[in-house]
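Chemist: Any chance you can model this:
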Amino acid sequence: MKTTIFKIPRNGSIRQVEAFLKQNLNLQFQEPNVITRTYLDTFDWRIFSAGSVLESAMDEIGNWLTWRPLGAEQVYGRCPIDQIPGFVWDLGESDIKTKLEKILEFRALLPVATVATRIHIAYVHDDQGKIILRIEFQRDCPSKDDCVKNNQSNINIGKRVHLYPIKGNKGVIKKACRLLQKECHLVPLSDDPLITTLKHYAKEPGRKLQIITVSDPDQRADTAVKNIFYQLLETMKDNENGIIEDIDSEFLHDFRVAVRRTRSLLSQIRNVLPKRRITRFKRDFAWLGEVSGPARDMDVYLLSFNEYKKKLPADVREDITPLYEFLQRHRHKEHDQLVKVLNSVRYRKLKQDWEKFLKTPAPKHSMLKNANLPIVNVASEHVWRAYRKAYKEGNIIVADSPATLLHELRKTCKKLRYLNEFFQNLYPENKMRKLIGNLKDLQDNLGEFQDLQVQQDSLQHFISDMENETGIDLETRKAIEMLVTRLAIRNKKVRSAFDVKFRKFSSPSNSVLYKNIIASQRKLHSTIGQVSKTKASLVKH
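Modeler: Next up, the predicted model:
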């Protein structure tokens with residue numbers, strides 16, 4: 001049977017509710033208990049976005065990790081823990097670990113809020129002395145550390161009554177609900193305790209998940225593009241501390257994606273922003289992409305290491321352990337270098353100058369031919385141009401084409417993907433979703449092919465580097481060479497799948513879909529623009 005939760009208002013007394021129910025339901029109370037409840041999530045709120053809550057509850061007896069649906073008392077999974085896990089792989093083998101892995105991937109678990117919850121449990125018994133209802137009176141307060149830090153003693157975050165019915169005893173739960181609603185004037189809880197807690201601490205769940213896009217098709221192109229760049233800059237700044245503090249690898253990943261998207265948009269959108277002004281920024285963002293690459297490369301190899309081991313026979317898997325140690329050493333070195341970059345004068349000046357440029361209002365009448373146009377017109381032109389370029393590049397690729405042609409197509413497809421995502425809200429949702437899906441299938445193929453090419457070359461270089469640094473034994477060398485062979489086999493398989501993926505992307509139906517939605521939106525908003533100009537002219541004269 002479903003648990004029912006009632007909210008006690010801020011000015012309500014939990015003791016009065018306890019006393020009233022004790023009198024009317026003959027409650028038997030246990031000694032109150034206090035638990036420290038820590039809500040956990042990733043930096044980008046993956047748990048919350050999945051409609052769930054992950055919380056650690058610690059008391060004198062032990063510590064339990066509970067994963068449950070948002071707004072419900074049912075439980076997806078629960079397991080004892082010695083300490084709050086930093087990553088999903090810190091959990092022992094269990095159902096909760098297996099399921100959470102799909103949501104969390106490589107992201108660190110961070111405490112988003114901690115409360116001290118006073119729990120007073122009472123039971124209702126029948127005439128035979130059997131328990132027929134459990135009631136919990138819960139009161140959340142700031143944690144002890146928060147009380148000391150913020151001088152917040154005796155502050156209520158939330159007060160609740162939880163009714164846990166026992167199967168086959170509907171009558172008593174109905175009576176308890178009636179008493180709480182009719183006599184105590186309580187209402188069922190509408191917000192999850194997590195939401196109430198986050199509101200208390202002025203935290204907004206899901207804020208980091210906002211998609212960077214343009215929604216107003218008639219917005220001036222220069223203004224719209226600057227808004228995109230500004231959001232990308234904010235994403236970079238949001239991830240800086242996570243990189244410096246080395247919380248998890250995804251901070252650097254997201255930082256580099258924002259840099260890459262910035263570079264892509266700077267290179268594609270022409271005659272919208274002054275060329276003289278943005279030339280310097282193109283150069284600086286290219287530098288930033290280059291200097292942040294080695295640290296990310298090391299992250300990728302380390303994150304792929306377990307998959308590398310699985311590709312090898314069981315009896316030689318441990319032979320590549322020295323490779324892991326080598327990657328760890330170089331990863332620490334590259335991370336230290338990246339931290340220096342993020343603290344450098346050049347990087348700080350890039351951010352300051354770029355932000356100042358983006359915040360400068362656009363001139364009322366720009367001399368640039370595309371700056372004053374509706375963004376949908378400019379976006380449509382560039383999306384169509386990028387699609388046509390990808391179409392032409394892919395059509396010349398045959399079975400024996402060099403890998404460089406596929407690499408160039410991959411870069412073009414990435415530019416098209418960024419444009420599609422930036423401007424997806426300007427076009428019919430269902431059609432744009434289909435276009436992005438078809439493009440993603442091709443990108444996945446091209447991306448894996450390129451990654452496998454790079455990994456084979458890198459692993460060969462790692463053998464030489466390991467030999468020069470610390471020496472490498474024969475077993476480790478053979479294991480790495482075997483891994484390279486396995487990657488080469490996979491590379492051929494991925495390459496052979498390219499034709500099918502590209503045919504889907506370049507199909508007549510996909511081409512027509514691109515052409516139709518792009519042309520229809522340009523025509524529509526060009527007409528709207530002409531009507532607006534005509535009206536303005538009539539008013540003027």
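Chemist: In the protein, mark out all the strands, start to finish.
Modeler: 4-8, 28-29, 33-41, 52-58, 63-69, 77-80, 110-125, 131-142, 158-165, 187-188 (DSSP state E).
Chemist: The residue lying closest to N63 once chain neighbours are set aside - how many residues pack around it?
Modeler: Distances taken as CB to CB, 6 or more residues apart in numbering put I81 closest to N63, at 5.2 Å, once the chain neighbours are dropped. Where C-beta positions appear, they are placed from N, C-alpha and C, glycine not excepted. Close neighbours of I81, defined as other CB atoms under 10 Å, add up to 16.
Chemist: Report the separation between I81 and S56.
Modeler: Per CB to CB, to the nearest Å, I81 is found 7 Å from S56.
Chemist: what residues are shared contacts of those two?
Modeler: Common neighbours of I81 and S56, counting by CB atoms under 8 Å, 6 or more residues apart in numbering, are N63, W64, L65.
Chemist: now the residue nearest to N63: how far from L65?
Modeler: From I81 to L65 the distance is 5 Å (CB to CB).
Chemist: again with G206
Modeler: In terms of CB to CB, G206 sits 22 Å off from L65.
Chemist: which of the two has more neighbours?
Modeler: L65 (24 against 12).
Chemist: my guess is the more buried one meets L91, correct?
Modeler: Yes. Applying CB atoms under 8 Å as the test, L65 and L91 come out as touching, 7.4 Å apart.
Chemist: Can you check which residues contact both of those two?
Modeler: C79, I81, P85.
Chemist: Which elements pack onto the helix ranked longest in the chain?
Modeler: Secondary structure of the chain per DSSP state H: the longest helix is helix 429-469. Judged by 3 or more CB pairs under 8 Å, 6 or more residues apart in numbering; DSSP states H and E, the packing partners of helix 429-469 are helix 275-303, helix 321-342, helix 403-422, helix 474-496, helix 498-505, helix 508-540.
Chemist: most packed of those?
Modeler: helix 403-422 (a mean of 19; mean count of other CB atoms under 10 Å).
Chemist: neighbouring contacts of it?
Modeler: So helix 403-422 is in contact with 211-214, 228, 260-261, 264-265, 267-268, 379, 382-383, 386-387, 389-390, 393-394, 396-397, 432, 435-436, 439-440, 442-443, 446-447, 449-450, 453, 495, 498, going by CB under 8 Å, 6+ apart.
Chemist: And the residue nearest to H335 when sequence neighbours are not counted, what's its pLDDT?
Modeler: Excluding its sequence neighbours, the residue lying closest to H335 (CB to CB, 6+ apart) is A295, at 5.3 Å. Looking at A295, its pLDDT stands at 98.
Chemist: just to revisit the earlier point, which among the shared contacts of I81 and S56 gets closest to M466?
Modeler: L65 (39.2 Å; CB to CB).
Chemist: Okay, and the beta partners of the closest one?
Modeler: Partner residues in beta bridges with L65, using DSSP bridges, are S56, C79.
Chemist: That one and V53: what is the separation?
Modeler: 11 Å.
Chemist: again with K99
Modeler: 14 Å.
Chemist: Same question for L180.
Modeler: From L180 to V53 the distance is 24 Å (CB to CB).
Chemist: and what of R260?
Modeler: 33 Å.
Chemist: Please say which of the two ends up with more neighbours.
Modeler: V53 (22 against 18).
Chemist: For that one, list the residues it contacts.
Modeler: Neighbours of V53 in contact, by CB under 8 Å, 6+ apart: Y39, I47, T66, W67, R68, P69, L70, D192, L194.
Chemist: Now for the residues you listed: which two are most distant?
Modeler: Y39 and P69 (14.2 Å).
Chemist: who has more neighbours, the two?
Modeler: Y39 (23 against 14).
Chemist: Identify the residues contacting that one.
Modeler: Here Y39 is in contact with V53, L54, E55, P111, V112, A113, T114, L194, T197, L198 (CB under 8 Å, 6+ apart).
Chemist: What does the pLDDT read for I528?
Modeler: The model's pLDDT for I528 equals 41.
Chemist: Okay, now the unreliable bits of the stretch 51-200 of the chain?
Modeler: 145-154 (pLDDT under 70).
Chemist: what about 80?
Modeler: For the stretch 51-200 of the chain, the stretches with pLDDT under 80 are 72-73, 144-154, 167-169.
Chemist: Check the stretch 401-541 of the chain too.
Modeler: Checking the stretch 401-541 of the chain against pLDDT under 80 turns up 518-541.
Chemist: run the last query once more with 50
Modeler: Low-confidence segments of the stretch 401-541 of the chain (pLDDT under 50): 527-541.
Chemist: where does the closest residue to T66 other than its chain neighbours sit relative to R160, distance-wise?
Modeler: Nearest residue to T66 in three dimensions, chain neighbours excluded: R78, at 4.8 Å (CB to CB, 6+ apart). Using CB to CB, R78 is found at 20 Å from R160.
Chemist: Out of the two, name the residue with the larger neighbour count.
Modeler: Set R78 next to R160 and count neighbours by other CB under 10 Å: R160 wins out with 19 against 14.
Chemist: That one touches H120, doesn't it?
Modeler: No. Using CB under 8 Å, R160 makes no contact with H120, being 11.3 Å away.
Chemist: what touches both of these two?
Modeler: With CB under 8 Å, 6+ apart as the test, R160 and H120 both reach F137, Q138.
Chemist: related to what we said a few turns ago, Serialize the strands of the chain to TSV and add fields for distance to L327.
Modeler: Listed next are the strands of the chain as TSV, based on distance: least, CB to CB, whole Å:
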stretch	distance to L327
strand 4-8	49
strand 28-29	57
strand 33-41	28
strand 52-58	30
strand 63-69	30
strand 77-80	31
strand 110-125	25
strand 131-142	42
strand 158-165	46
strand 187-188	53
